[in-house]
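this is a predicted model, with the sequence first.
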Amino acid sequence: EGVTGMTLKINGTARTLQAEPRVSLLDALREYLDLTGTKKGCDHGQCGACTVLVDGRRVNSCLTLAVMNQGKEITTIEGLAKGEELHPMQQAFIKHDGFQCGYCTPGQIMSGVACVQEGHAKTDDQCREWMSGNLCRCGAYPNIVAAVREVAG
Ligand code: FES
């Protein structure tokens, strides 16, 4: 199958790659652009490990084709910190011990950022509901909710 050229705007930088049109945004990030902070768990929309923001909304990057995301603003876990200063959500995850093995953490943090930005973190229940698509096999859920709720203020 033929490859096609595409340009993706990721964390404020235009990145070009050559890939088949069937390549997912997740694989484009990890396999073509070396942005391996975004994780692959299930590769079919059930675990949330691959969560990124597209135009500010959270997206499971395994479920969308890279080629369809041209012209959009993609934010990955690598784009959250400002230089050496971690994003408040990253700081809150450290403070509240919001991870154990860490594999789901980038996706949890991206979902948490969207949760606060979109106003779904006003109560613990609301936060749990919003975050329910992000699985944590270690069971760090209470600490994750505590972190997100702190950032929500
Ligand atoms: Fe995308 Fe699991 S890898 S939801």
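Good, I have the coordinates.

from residue 118, how far out is residue 58?
8 Å (CB to CB, to the nearest Å). Heads up, the C-betas are built off the backbone N, CA and C, glycines and all.

report how many residues lie close to the closest residue to residue 10 other than its chain neighbours.
Nearest residue to residue 10, sequence neighbours excluded (CB to CB, 6 or more residues apart in numbering): residue 74, at 4.7 Å. For residue 74, the neighbour count with other CB atoms under 10 Å is 26.

would residue 74 count as being in a strand?
Yes: applying DSSP: H, G, I helix; E, B strand; the rest coil, one finds residue 74 inside a strand.

of residue 58 and residue 118, which one has the most company?
Each of residue 58 and residue 118 has its neighbours counted (other CB under 10 Å); residue 58 has more, 23 against 12.

which residues touch the more buried one?
Contacts of residue 58 were listed using CB atoms under 8 Å, 6 or more residues apart in numbering, and they are 51, 52, 110, 111, 114.

elements contacting the helix or strand where the fourth one lies?
Residue 111 belongs to helix 105-117 when elements are defined using DSSP states H and E. The contact analysis (3 or more CB pairs under 8 Å, 6 or more residues apart in numbering; DSSP states H and E) places helix 105-117 against strand 51-54, strand 57-60, helix 88-95, helix 124-130, helix 141-152.

and the ones you listed as CSV, adding distance to the ligand and mean pLDDT?
CSV is the format used below for these (distance: least, CB to the nearest ligand atom, whole Å; pLDDT from 0 to 100):
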stretch, distance to the ligand, mean pLDDT
strand 51-54, 7, 98
strand 57-60, 4, 98
helix 88-95, 19, 98
helix 124-130, 15, 97
helix 141-152, 16, 97
